[in-house]
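[1] Let me see the structure of the following:
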Amino acid sequence: MPEPTTPDTGSHNNAAVSTDAINQPPKAGLLSSLFQRLPMTVFWALAAQGIVSVTRILTTVTVGGRFAPDDTASGAMLGSPEQLSLYYAAFGVLTVLIAMHEGFVTIPMTVFLPRQGKEREATFSGHMLLASLCFIGLALCMVAMWIIYQYQIGGGMTSALTVIAFVIVLAPLQLLREFSRRWLLANLQVRPSALLEILFSVAFLTCLAALFFFQQLTAIRAFVAIAAVNVMALGAWWYFYRSNFAITLDGSGKQLKENFRYGRWAAGENFCSSITMFFCVWYLNRELGLVPGGVYSACFNVMLLANPFLLGVCSLLGARAAQEFTKGGWNAMLKTLAQYGTFVFVVLMGFAVLLWVFGADLTNLLFSEKYQAWFDVNAGGINRVTSVLGLAVPFLGVSFVLSTALLAIRRPNDNFFCALASLMVLVGINLAFGPSLMVAAISFVSASATNAAFRMGCLLRAWAVRETADIST
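    Down below sits the predicted model:
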């Protein structure tokens, strides 16, 4: 990888700036400056992210029993807090696999593909597909051993373990679809990628509606629907793009080593971040049962309503921060970082205030009064879990922004150690104070704050080292 260019303080351009500034038009507002002159591909990417987020929240509330009537007949399968708990726990395991796959396969593919000549693109794509298949095989073996271990120490297959085992069987389809999506984006095929996401979402929601209509909606059947639609999406992708892949073993081993060398820090950060997101659900399921785990999952998903905004803005910032650092050094990057960071923090602080005031009402609106009933029995009728979880959102926003800066200055290892520290804080608080929904919420807020603080410290340390280097030269 090329080394970052020497930062330019801009002192030798002061005269030009001072004389030209008079004739400059007024600066555009923050929103217009963020999105002006954006190509249509960016809006396709944001549209795809929005569709995926809407699909996920609709899936969550449906599996959670939002649309099931209160007088549901015995034996009808229309979703429930228990099914939501099972679904979200298994979805967490799948997310961990996707995150690791991203670090070892799709991120290196995105970085290395533009460096290939036209004559090598098909071979390189074939090598990356083989790398994806190798990761899938290795990951499934490791998870299978973990399931066998849990089966042995638990004395049998619990309902959660059964759902997780079922999801692992279907995981290769999800990982390959993720590979296809990222391959399209790496080849700047943003519109086809967005169209495939739309196709997937429409088909999956149709299957989900059918399961609900026939009263067969369970966590396992929801994952079966995901697998069936993945087969359709993968088939369409392979039909149109199979000629872009040349499958050969020559050089594939070297490519695997290069992927590991480049992606190990990203994979480590993704692993820690994914565990941080889902640890509390797994812990509550194990220690308190499925209903408390389902109630916490509902509160947590209300907090995740900020995700489309956060991921959309940070997807724009990632490329922009790296570009500004390469062209203008620290000053240019920090200016962009301050602009985006202020915007993100203000919006997410507003969202946190909204959840603090109306968190319980939003939870009831999205997931029905079934979840409030749990708080009526176990927490004096007050749901403060959603409100407390909302406090984590501004910290998550700051962490995302600082993460793009650390990647721009070529410090992915700092991101990993910060994510590891936040995971240790979360696990430590839960183990120290015991299982409860409020402890889980406080631990997640504390972990998010730790992550943001550590990343800020890493960025300031890098800035100090830069200053020292400038003085010594």
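[2] Give me the helices and strands touching the helix or strand where residue 414 lies, please.
    Using DSSP states H and E, residue 414 sits within helix 412-433. The contact analysis (3 or more Cβ pairs under 8 Å, 6 or more residues apart in numbering; DSSP states H and E) places helix 412-433 against helix 252-287, helix 392-408, helix 437-472. Bear in mind the C-beta positions are built from the backbone N, C-alpha and C, glycine included.
[3] For residue 373, which of those helices is the nearest?
    Taking Cβ to Cβ, helix 437-472 is the member of the helices and strands packed on helix 412-433 nearest to residue 373, at 14.0 Å.
[4] quick check: angle from the closest one to helix 252-287?
    Angle, helix 437-472 to helix 252-287, by axes from the mean of the first three to the mean of the last three Cα atoms, to 10 degrees: 140 degrees.
[5] mind checking how far helix 437-472 is from the chain centre?
    Helix 437-472 sits 20 Å away from the centroid of its parent chain (Cα atoms, centre = their mean, to the nearest Å).
[6] With distance to residue 217 as added columns, please give the helices and strands packed on helix 412-433 in a markdown table.
    Shown next, in a markdown table, are the helices and strands packed on helix 412-433 (distance: least, Cβ to Cβ, whole Å):
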| stretch | distance to residue 217 |
| --- | --- |
| helix 252-287 | 20 |
| helix 392-408 | 30 |
| helix 437-472 | 25 |
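[7] Residue 322: which of the ones you listed is closest?
    Set against residue 322 and scored by Cβ to Cβ, those come closest in helix 392-408, at 4.3 Å.
[8] and the closest one, average pLDDT?
    The average pLDDT within helix 392-408 is 91.
[9] ok now do residue 135, which residues does it touch?
    By Cβ atoms under 8 Å, 6 or more residues apart in numbering, the contact list for residue 135 reads 100, 101, 104, 105, 175.
[10] How confident was the prediction at the residue nearest to the first one when sequence neighbours are not counted?
    So that's residue 100. For residue 100, ignoring the flanking residues on the chain, the nearest one in space by Cβ to Cβ, 6 or more residues apart in numbering is residue 267 at 5.3 Å. Here, the pLDDT recorded for residue 267 equals 92.
[11] And for residue 267, the neighbour number?
    A count of nearby residues for residue 267, using other Cβ atoms under 10 Å, gives 24.
[12] any idea how far residue 114 is from it?
    Distance, residue 267 to residue 114, using Cβ to Cβ, to the nearest Å: 21 Å.
[13] Using CSV, write down the CA coordinates of stretch 325-339.
    The C-alpha trace of stretch 325-339 is given here as CSV (Å, rounded to 0.1, in the frame of the first residue of the first chain):
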residue,chain,number,x,y,z
PHE,A,325,-6.1,12.9,3.6
THR,A,326,-4.2,11.8,0.4
LYS,A,327,-4.7,15.1,-1.3
GLY,A,328,-4.5,17.6,1.5
GLY,A,329,-3.1,15.8,4.5
TRP,A,330,-4.3,16.1,8.1
ASN,A,331,-5.8,19.5,7.8
ALA,A,332,-8.1,18.6,4.9
MET,A,333,-9.1,15.4,6.5
LEU,A,334,-9.9,16.9,9.9
LYS,A,335,-11.9,19.6,8.3
THR,A,336,-14.1,17.1,6.5
LEU,A,337,-14.2,14.9,9.7
ALA,A,338,-15.4,17.9,11.8
GLN,A,339,-18.1,18.7,9.2
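[14] How about it, which residues are buried there?
    Across stretch 325-339, burial judged by 16 or more other Cβ atoms under 10 Å covers 325, 328, 329, 330, 332, 333, 334, 336, 337.
[15] quick one, what contacts the first one?
    Counting by Cβ under 8 Å, 6+ apart, residue 325 makes contact with 4, 332, 333, 408, 409.
[16] I'd like the mean pLDDT over the helix ranked longest in the chain, please.
    Taking DSSP state H as the assignment, the helix of the chain that covers the most residues is helix 307-367. For helix 307-367, the mean pLDDT works out to 85.
[17] Just checking the distance from that helix to the centre of its chain.
    Mean-position distance between helix 307-367 and its chain equals 14 Å (Cα atoms, centre = their mean).
[18] How much space separates the nearest residue to residue 314 once chain neighbours are set aside from residue 193?
    Spatially, and ignoring its direct neighbours in sequence, residue 314 is nearest to residue 400 (4.5 Å; Cβ to Cβ, 6+ apart). Using Cβ to Cβ, residue 400 is found at 22 Å from residue 193.
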